[in-house]
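S.K.: using only what follows, build the 3D model:
(4 chains)
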Number of protein chains: 2
Amino acid sequence: MARQKQTELAVLGVLGVQPMSGYAVRAAIRDQLGFFWSESFGQIYPTLSALHARGEVEKHDGARPGSSLYSLTPTGRRRMLSLLEQPDSPTPRRDGFMLRLFFGRSLGPDACRELVAQARESAAHQLAVYQAIRAQVESETEYAEHKAYWLITLSAGEHTTRAAIAWADETLEKLDLSRGAYLL
Amino acid sequence: MARQKQTELAVLGVLGVQPMSGYAVRAAIRDQLGFFWSESFGQIYPTLSALHARGEVEKHDGARPGSSLYSLTPTGRRRMLSLLEQPDSPTPRRDGFMLRLFFGRSLGPDACRELVAQARESAAHQLAVYQAIRAQVESETEYAEHKAYWLITLSAGEHTTRAAIAWADETLEKLDLSRGAYLL
DNA sequence: TCATTCATGTAAGTGGTTACATGATTCA
DNA sequence: TGAATCATGTAACCACTTACATGAATGA
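M.R.: Down below sits the predicted model:
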């Protein structure tokens, strides 16, 4: 799937849950999909215009003057479904942290240790955030069916983050051993 | 750290292990860093030129006519070190698979199950690849110090992938339960 | 009244991929 | 002899971010 269409999918997707403004679309993506997706205004507004031009979303007057509420048309819903079914072509990974660690020999064991320790901290923090969100989502009473899928993606985040912590702990140990060897 | 400089870091980094041609730089990045980094020719050659213009790499005649061997100059090595020490600013995540799953309610439980099952398969395959590479790297006798860091990044991949498998298994179970409930 | 949030949009720039063009060398 | 690999580079395009510009509404 062309990567461009993924932005359209994200926008159509959140609009499929309920109608909202462009600003709210961004907030929804940031707050609900933020851990594995992001869109900026510079993407959202033009996408919304294009979607509107193609009749996939409807534009209504919003609560404030100048603001608009967008909602999916039947065409839009069909489009979302068809995008959803297309296999995604993942963007090539570019993990700066791993890149640094790979060249760790040049960085030196101390700096590497620091890097991994920081990564461990931020993963631990992330895990706490996930769990706070989980509690919040679980207590939510609306969108019961959608909730289940939200929790599934959250759970993926939790698994990955716990793995990151375990890896960091293991790596710190290795690094300490080799540092010990180095100091002999 | 500006994202652009990361390409320079990757190029300087592999050149820091040993001098090689632009073509070989790409091969090294693909084969050794491929799981968490990627560069295309369209990036590598211009970067190499820029690095050369700034005196960070030296250009020597390669084995074939028209081919070049690039190696780090002392300036280049210092530059690599300084880039290595700068904190990285991660690109925002865009995980198309999670995006789809988040909108799973629209996709339907069967299609979701299929999606997750596929993800599980590809993770299992990935894990086998990691382990093959691990065996190969471990048997390598050169670059002993560098090897340790390579294995550390490999281990990160293994942890993440095992977590993905565990998550998939858990999720498949959940999905089957809810599908059962749906069918009642 | 003043900061914050809601709201919409554009312009410039960046970082990157893809496809193309070209040609030598190696090896089956 | 012909396919695969080694080798270098460019041009067009793409998705996306950042910064900017603007202004109304809300609420402390």
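S.K.: show me where chain A has its strands.
M.R.: A:57-61, A:68-72 (DSSP state E).
S.K.: so can I have CSV of those showing mean pLDDT?
M.R.: Converted to CSV, the strands of chain A look like this (pLDDT from 0 to 100):
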stretch, mean pLDDT
strand A:57-61, 94
strand A:68-72, 96
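S.K.: now, of those, which is deepest in the fold?
M.R.: Stretch with highest mean neighbour count among these: strand A:68-72 (a mean of 20; mean count of other Cβ atoms under 10 Å in any protein chain shown). Every C-beta, even on glycine, is put in place using the N, C-alpha and C of the backbone.
S.K.: list the contacts of the residue most central in space within chain A.
M.R.: Nearest to the geometric centre of chain A sits residue A:36, at 1.7 Å (Cα atoms, centre = their mean). Shown in contact with residue A:36 (Cβ atoms under 8 Å, 6 or more residues apart in numbering or on different chains): A:153, A:156-157, B:93-95, B:98-99, B:102.
S.K.: before we move on, back to that, wait, which of the strands of chain A is closest to DNA strand C?
M.R.: Nearest to DNA strand C, of all these, is strand A:68-72, at 3.9 Å by Cβ to the nearest atom of the strand.
S.K.: residues of stretch A:26-39 that come out buried?
M.R.: Under the neighbour-count criterion of 16 or more other Cβ atoms under 10 Å in any protein chain shown, stretch A:26-39 has A:26, A:28-29, A:32-33, A:35-39 buried.
S.K.: now do the longest helix seen in chain A, average pLDDT.
M.R.: Assignment by DSSP state H gives helix A:144-183 as the longest helix of chain A. In this model, helix A:144-183 carries a mean pLDDT of 91.
S.K.: now do it against helix B:144-183, angle only.
M.R.: 160 degrees (axes from the mean of the first three to the mean of the last three Cα atoms, to 10 degrees).
S.K.: which strands and helices sit next to helix A:144-183?
M.R.: helix A:109-139, helix B:96-102, helix B:104-107, helix B:144-183 (3 or more Cβ pairs under 8 Å, 6 or more residues apart in numbering or on different chains; DSSP states H and E).
S.K.: could you pull out the buried residues of it?
M.R.: Neighbour counts over helix A:144-183 (16+ other Cβ under 10 Å) mark A:146, A:148-165, A:167-168, A:171-172, A:174-175, A:178 as buried.
S.K.: near DNA strand C, which residues of chain A are found?
M.R.: A:21-24, A:27, A:41-42, A:45-46, A:48-49, A:62-64, A:66-68, A:92, A:94 (Cβ under 7 Å from any atom of the strand).
S.K.: just send the buried residues of stretch A:26-39 back as CSV, with pLDDT too.
M.R.: Output for those, formatted as CSV (pLDDT from 0 to 100):
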residue, pLDDT
A:26, 97
A:28, 96
A:29, 96
A:32, 94
A:33, 95
A:35, 93
A:36, 95
A:37, 95
A:38, 95
A:39, 95
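S.K.: if I pick the closest residue to residue A:160 other than its chain neighbours, what's in contact with it?
M.R.: Closest residue to residue A:160 apart from its sequence neighbours, by Cβ to Cβ, 6 or more residues apart in numbering or on different chains: residue B:163 at 5.4 Å. Applying Cβ under 8 Å, 6+ apart, we find residue B:163 in contact with A:159-160, A:162-163.
S.K.: just residue A:71 next, same as before
M.R.: Taking Cβ under 8 Å, 6+ apart, one finds A:15, A:19, A:57-58, A:60 in contact with residue A:71.
S.K.: can you narrow the residues of chain A next to DNA strand C to ones near chain B?
M.R.: A:92, A:94 (Cβ under 8 Å from any Cβ of the partner chain).
S.K.: from the residues of chain A next to DNA strand C, which land in helices?
M.R.: A:22-24, A:27, A:41-42, A:45-46, A:48-49.
S.K.: can you turn the buried part of these into a ChimeraX selection?
M.R.: Selection of buried members from these for ChimeraX, criterion 16+ other Cβ under 10 Å:
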select /A:22,24,48
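S.K.: which two of the ones in helices among the residues of chain A next to DNA strand C have the greatest separation?
M.R.: A:27 and A:49 (18.9 Å; Cβ to Cβ).
S.K.: now stretch A:117-124, how far from the chain's geometric center?
M.R.: The chain centre lies 18 Å from the centre of stretch A:117-124; the measure is Cα atoms, centre = their mean, to the nearest Å.
S.K.: and that stretch with chain B, contact?
M.R.: No - using Cβ under 8 Å from any Cβ, stretch A:117-124 stays clear of chain B, coming no nearer than 8.8 Å.
S.K.: okay, that stretch in PDB with CA atoms only?
M.R.: Extracted C-alpha coordinates of stretch A:117-124, given in PDB (Å, rounded to 0.1, in the frame of the first residue of the first chain):
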ATOM      1  CA  ALA A 117      20.500   2.800  31.100                       C
ATOM      2  CA  GLN A 118      18.600   5.800  29.700                       C
ATOM      3  CA  ALA A 119      16.700   3.600  27.300                       C
ATOM      4  CA  ARG A 120      15.700   1.400  30.200                       C
ATOM      5  CA  GLU A 121      14.400   4.400  32.200                       C
ATOM      6  CA  SER A 122      12.400   5.700  29.300                       C
ATOM      7  CA  ALA A 123      10.900   2.200  28.700                       C
ATOM      8  CA  ALA A 124      10.000   1.900  32.300                       C
END
